[in-house]
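Colleague: show me the folded form of this:
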Amino acid sequence: MGSFDALVSLCKQRGFIFQSSEIYGGIGGFWDYGPLGVELKNNIKQSWWRRVVQMRDDIVGLDAAIIMNAQTWVASGHVEEFTDPLVDCKQCKKRFRADAIAHNTCPECGAVGQFTDVRKFNLMFKTYVGPVEESAALTYLRPETAQGIFVNFQNVLVATRKKLPFGIAQIGKAFRNEITPGDFIFRDREFEQMEIEYFVKPGTDEEWHQHWVEERLRWYIEDLGLRKEKIRARALPKEDLAHYSKGTFEIEYDFPNKGWAEIEGIANRTDYDLKRHSQHSGKELTYFDEETKEHYIPYVIEPSCGVDRIFLALLLDAYHEEEVRGEKRVVLKLKPQLAPIKVAVFPLLRNRPEIVQKAKALAQALRKDFTVWYDDTAAIGRLYRRQDEIGTPFCVTVDVQSLTDNAVTIRDRDTMLQERVPIERVASVIRSKLQL
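Modeller: Here you go, the predicted model:
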């Protein structure tokens, strides 16, 4: 694993992540995902969706609106409870979270004991619905995707006729006006969540809570390929629980610059959310149990993770620096199924039109099955290094011999071993290596 700063530099240089609106000086807590970043991000989301929705018969999907009726956030407790303790430095006028002030010292100017009293700061972004701000309805950009699931509980129940236990999954943007965003994409103001609300019969909730902790750990290790020793589940002490939580586990990753830090929370939300929305809306949000012939409000287990933090953990886990024949090789050892580019195709000699044409034709043919990168802008050694840096598992080179034997060389990213393969078998060989 390399340094955090080295990875941040690589992300910009190779097109994973850019500072949002950078040409205007940027804006804190907002990031743009570049050509490679958007591919990797989509692969993470697709892996999660396949695991929790497509491979199960007890979870269905949802895509709720970002803007919701403002009463949603009153009922959920966000208007009252979703706050951070805030202080201002009287010396430099900078604003900080109260828990970020070490030994009562300003991290900006070094002033000691020069802070305002602690105030509560709501983290939701306000917005207005309607053409004229003065008369428009005040609402908020959602700070989490979960409430869109809760308010649609009955809609999904009626449409799908699911029986308990069952879940609703959603991937979507959320927004929090963090006081101190930072650590690259670790703490953002705009981020993407992957959340499940898993509805269970009261009394079975603790069993299902443990089930989801184990299931989510398996996804990180088996599907994402994170190293077992770098990931763990930790039960939060009671004093750290959210107002709605009966118990919460955090799945943490051992970040090189932070130590153990959360990438997913798995909370037992009891019947808090459905009960609150039922009270505030006047609508019945109960489940009828056919076996017991009773109506009750289900309990909810919520695995909730941030795509951006997982993205960061995945890159840090994959980043390696090695020495090969006296030179440093940077390689992202991403699980091949997650790599932004699966196959890179090169002509060995770019000044030979017949080799270039054959390489371009092969790249085009492979695009039907894989994400492909064609490159003829440098010598073959440098082209290999570029692909190692972005995690491409396989490079295919068309050379002079290819013109006579109609075969090419496939190079493996991790072992750097090469094998000669007939062109007509390249797609099937790579598909087999990717276990597709």
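Colleague: which residues touch the residue nearest to the spatial centre of the chain?
Modeller: With distances taken as Cα atoms, centre = their mean, V307 lies nearest the centre of the chain, 1.0 Å away. Residues near V307 by Cβ atoms under 8 Å, 6 or more residues apart in numbering: 41, 44-45, 171, 191-194. (Each C-beta comes from the backbone N, C-alpha and C, glycine too.)
Colleague: correct me, but C109 touches C89?
Modeller: Yes - counting by Cβ atoms under 8 Å, C89 is a contact partner of C109 at 6.5 Å.
Colleague: ok, these two, which is more surrounded?
Modeller: C89 (20 against 12; other Cβ atoms under 10 Å).
Colleague: next up, the contacts around that one.
Modeller: With Cβ under 8 Å, 6+ apart, C89 has these contacts: 95-96, 106, 108-109, 111, 114-115.
Colleague: what's the closest non-adjacent residue to D58?
Modeller: Excluding its sequence neighbours, the residue lying closest to D58 (Cβ to Cβ, 6 or more residues apart in numbering) is F166, at 4.9 Å.
Colleague: mind checking how far N177 is from Q387?
Modeller: Distance of N177 to Q387, given as Cβ to Cβ, to the nearest Å: 39 Å.
Colleague: so for the two, which residue has more residues nearby?
Modeller: Q387 (24 against 17).
Colleague: leaving out the residues flanking it, which one is nearest to the more buried one?
Modeller: A344 (4.6 Å).
Colleague: okay, now the one you found: neighbour count?
Modeller: So A344, with other Cβ under 10 Å, has 25 neighbours.
Colleague: got phi/psi on it?
Modeller: With angles defined as degrees, to the nearest 10, A344 sits at phi -110, psi 140.
Colleague: let's number from 539 now, not from 1
Modeller: In the new numbering, first residue 539, that becomes A882.
Colleague: do you know the pLDDT at it?
Modeller: In this model, A882 is scored at 97, pLDDT.
Colleague: please list all residues in contact with the closest residue to C627 other than its chain neighbours.
Modeller: The spatially closest residue to C627, leaving aside those adjacent along the chain, is C644, at 4.4 Å (Cβ to Cβ, 6+ apart). Residues near C644 by Cβ under 8 Å, 6+ apart: 627, 629-630, 632, 634, 650, 652-653.
Colleague: try 10 Å this time
Modeller: Shown in contact with C644 (Cβ atoms under 10 Å, 6 or more residues apart in numbering): 625-630, 632, 634, 650-653.
Colleague: ditto for D655
Modeller: Contacts of D655 were listed using Cβ under 10 Å, 6+ apart, and they are 624-626, 636.
Colleague: could you look up the SS state of T718?
Modeller: Using DSSP: H, G, I helix; E, B strand; the rest coil, the structure places T718 in coil.
Colleague: what about it, distance to N642?
Modeller: For T718 relative to N642 (Cβ to Cβ), the value is 17 Å.
Colleague: so between these two, which is more surrounded?
Modeller: Between T718 and N642, T718 has the larger neighbour count (other Cβ under 10 Å), namely 17 against 11.
Colleague: those helices in the stretch 639-788 of the chain, which residues are they?
Modeller: Counting by DSSP state H, counting those that start in this stretch, the stretch 639-788 of the chain has these helices, from start to end: 684-688, 691-698, 743-756.
Colleague: CA atoms only: put the longest one into PDB for me.
Modeller: The C-alpha coordinates for helix 743-756 follow below in PDB (Å, rounded to 0.1, in the frame of the first residue of the first chain):
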ATOM      1  CA  ASP A 743     -34.700  -7.900  14.800                       C
ATOM      2  CA  GLU A 744     -31.600  -8.800  16.700                       C
ATOM      3  CA  GLU A 745     -31.100 -12.000  14.800                       C
ATOM      4  CA  TRP A 746     -31.500 -10.200  11.500                       C
ATOM      5  CA  HIS A 747     -29.200  -7.500  12.700                       C
ATOM      6  CA  GLN A 748     -26.400 -10.000  13.200                       C
ATOM      7  CA  HIS A 749     -27.200 -11.600   9.800                       C
ATOM      8  CA  TRP A 750     -26.700  -8.300   8.000                       C
ATOM      9  CA  VAL A 751     -23.400  -7.600   9.700                       C
ATOM     10  CA  GLU A 752     -22.000 -10.900   8.500                       C
ATOM     11  CA  GLU A 753     -23.500 -10.600   5.000                       C
ATOM     12  CA  ARG A 754     -22.100  -7.100   4.500                       C
ATOM     13  CA  LEU A 755     -18.600  -8.200   5.600                       C
ATOM     14  CA  ARG A 756     -18.700 -11.000   3.100                       C
END
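Colleague: and that helix, what's its mean pLDDT?
Modeller: On average, helix 743-756 scores 97.
Colleague: return the set of buried residues in that helix.
Modeller: Within helix 743-756, the residues scored as buried using 16 or more other Cβ atoms under 10 Å are 743, 746-747, 749-751, 753-755.
Colleague: stretch 703-722 too?
Modeller: 703-710, 712-719, 721-722.
Colleague: let's see which of those end up in strands.
Modeller: 704-710, 712-713 (DSSP state E).
Colleague: make TSV out of these and add pLDDT and distance to Y562.
Modeller: Formatted as TSV, those follow (pLDDT from 0 to 100; distance: Cβ to Cβ, whole Å):
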residue	pLDDT	distance to Y562
F704	97	47
G705	97	42
I706	98	39
A707	98	37
Q708	98	32
I709	98	29
G710	97	27
A712	96	24
F713	95	20
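Colleague: can you redo the residues you listed as TSV with distance to E865?
Modeller: Below are those laid out as TSV (distance: Cβ to Cβ, whole Å):
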residue	distance to E865
F704	54
G705	50
I706	51
A707	45
Q708	46
I709	41
G710	44
A712	43
F713	44
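Colleague: closest to E962 among those residues?
Modeller: Of all those, E962 sits closest to I709, with 38.2 Å by Cβ to Cβ.
Colleague: spatially nearest residue to the closest one, not counting backbone neighbours?
Modeller: M732 (5.0 Å).
Colleague: give me the pLDDT for that neighbour.
Modeller: M732 is given a pLDDT of 97.
Colleague: before we move on, what about T610?
Modeller: The model's pLDDT for T610 equals 94.
Colleague: re earlier: between the ones in strands among the buried residues of stretch 703-722, which is nearest I893?
Modeller: Nearest to I893 out of these is I709 (Cβ to Cβ; 42.9 Å).
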